[in-house]
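Enquirer: Kindly return the folded structure for what I paste below:
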Amino acid sequence: MVGLSIGQDIGIQYGGTARVLGILGSGGQGTVYRVDFHGRVMALKWYDITKISSPEEFRRNIENNIDDGSPDKRFVWPQFLTEVNQDGEFGYLMELMPDNYVQLTDVLSSCKQVSDPLTGRVNSRPVLFASLYANLTAAINIVGAMRELHRVGKSYQDLNDGGFFIDMNTGDVLVCDCDNIAPEGCNFGISGKPGYMAPEIVRGMAVPDVQTDKYSLAVLLFRMLFRADPLEGARVLGGGVLTENARRMAYGNNGVFIFDPNDASNRPVAGKQDHVVKLWEFFPQYVKDAFIRSFTVGMGDPAKRLIENEWQKLFIRLRAEILACICGAETFCLNDLTPAGTCRCPACGREYAVLEYNSNSIKAPIYCGYKMRVCELDPHFSNTEMVVGEVVENRRDRGNPGIKNCSPLVWRARLPDGKVYDVVRGKGMPVWGGLHIEIGNTHARVMQPSARRIK
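Expert: Okay, the predicted model is just below:
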């Protein structure tokens, strides 16, 4: 493959040209360039067709995806195909990735290599989520994007950390490398990235599809939460450099989850993977149960793998149960729930009231800034960001929390003395022990007998 030149014009299918402005990066299938397409700066992925098993079928699949349109706004979807040149090479145009998005690969390594434009020196820049909330929002967005893709009967096929870009402040996600996406039952030679491939692919017994996507998704989510490979423990690391046969055994034929409750042979290595153990202890049991299922029975039986809706409910619950204390510490409500029904900050000891929903198992700490989202009331609701209520400081009783209705629904609030009030949009109620709130078909109650003041 001969690369494109700066200033070179590339013909676009159905008319127009794109002028090459510079190189953005290279990958296993080709190179991505910055181009000008009639005054619009875009990205052009140009293929090395020697790396593609069936170039004509591959190109036809991209064309079909363009015609079908993106399944969700989070996908950086192919926009226009180029013409095929005399060497049979081609590419496609897509939107540029915004500057405030960081590749998940850099997120998992907690740093990004940045070149100084003046000296050329490469420096390491920290890459950290602004909050635990942003981290879990990113997980929700990744799961949501894959759910929408699978709903239209297509699979990603090469799901790994290189295909996702994240806004570290908000948790917003963009999905790139969408050119291998294909209808269920179709594959154009891609197998996946080592460590992310489903065991049946490693063994050569299957090609990528929706079921293998589900396994890869579980690996990606585990890495996001625990910063580790779910199958890389003492048994794998103890053997030194992995040979091809050893890798096949570790990830295909005989993989063991590092936290398998029935097999301790592959536990995290003491002194090298202590952070993994600490993070495992930090997350609630229902999170651990999901990953145990994914990497035990889910390894051998694709039908036992968690579907996207299950992950969605889990992460919606987990995000709602974050306690962001005013001292700066973050924890989960279930980790520090007192016998009295309050949530105690493990860093400063401050206690918070807890709101419990009857429609699910969510126990949400009541702190100023907590936003009640419609997906917490109804986990099947596709919009995971729509706010229906917010915890604010009580204007009539400074220092105490109140819950404000931010939705068009009229809430019904029943106070501890039995009195019932309608709460319309923009109005609120103080947080008292025993308070019950009806929001549509959902009931919520304040668990503990009294609420601490907010200073």
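
Enquirer: I'd say Asn335 and Pro284 touch.
Expert: Yes - under the contact definition of Cβ atoms under 8 Å, Asn335 touches Pro284, with a separation of 6.7 Å. C-betas here are computed from N, CA, C, even on glycine.

Enquirer: give me every residue that touches Ile66.
Expert: Applying Cβ atoms under 8 Å, 6 or more residues apart in numbering, we find Ile66 in contact with 77-81, 92.

Enquirer: which of these are buried?
Expert: Neighbour-count burial (16 or more other Cβ atoms under 10 Å) is assigned, among these, to 77-81, 92.

Enquirer: if we can go back for a sec, and the furthest pair within the contacts of Ile66?
Expert: Between all members of those, the longest pairwise span (Cβ to Cβ) is found for Trp77 and Leu81 and amounts to 12.3 Å.

Enquirer: For Tyr5, the count of nearby residues, please.
Expert: Careful, residue 5 is Ser and not Tyr. 9 (other Cβ atoms under 10 Å).

Enquirer: ok, now Thr50?
Expert: Thr50: 10 surrounding residues under other Cβ under 10 Å.

Enquirer: so it sits in a helix?
Expert: Yes - secondary structure assignment places Thr50 in a helix (DSSP: H, G, I helix; E, B strand; the rest coil).

Enquirer: So it versus Gly30, what's the distance?
Expert: Counting by Cβ to Cβ, to the nearest Å, the separation of Thr50 from Gly30 is 10 Å.

Enquirer: now swap in Met97 and tell me
Expert: Taken as Cβ to Cβ, the spacing of Met97 relative to Gly30 amounts to 16 Å.

Enquirer: neighbour count winner among those two?
Expert: Counted by other Cβ under 10 Å, Met97 and Gly30 do not tie: Gly30 has more neighbours, with 21 against 16.

Enquirer: list the contacts for the more buried one?
Expert: Under the criterion of Cβ under 8 Å, 6+ apart, the contact partners of Gly30 comprise 1, 45-48, 51, 91.

Enquirer: Most neighbours among the residues you listed, please name it.
Expert: Comparing these on neighbour count, Gly91 comes out first with 29 neighbours (neighbours: other Cβ under 10 Å).

Enquirer: Quick check: bridge partners of that residue?
Expert: Listed by DSSP bridges, the beta-bridge partners for Gly91 are Trp46.

Enquirer: for the stretch 1-150 of the chain, what spans make up the strands?
Expert: For the stretch 1-150 of the chain, the strands defined by DSSP state E, counting those that start in this stretch occupy 9-11, 17-26, 30-37, 40-47, 80-81, 91-94, 101-103, 111-115, 122-126.

Enquirer: Tell me which of the ones you listed is the most buried.
Expert: strand 91-94 (a mean of 24; mean count of other Cβ atoms under 10 Å).

Enquirer: what sits up against that one?
Expert: With Cβ under 8 Å, 6+ apart as the contact definition, strand 91-94 has outside contacts at 10, 12, 18, 30, 35, 37, 42-47, 62, 66, 76-82, 176, 178-179.

Enquirer: if you set the cut-off to 10 Å instead, what comes out?
Expert: The set of residues that contact strand 91-94 without belonging to it, under Cβ atoms under 10 Å, 6 or more residues apart in numbering, is 4, 10, 12-13, 16, 18, 30-33, 35, 37, 40, 42-47, 59, 62-63, 65-66, 75-85, 176-179.
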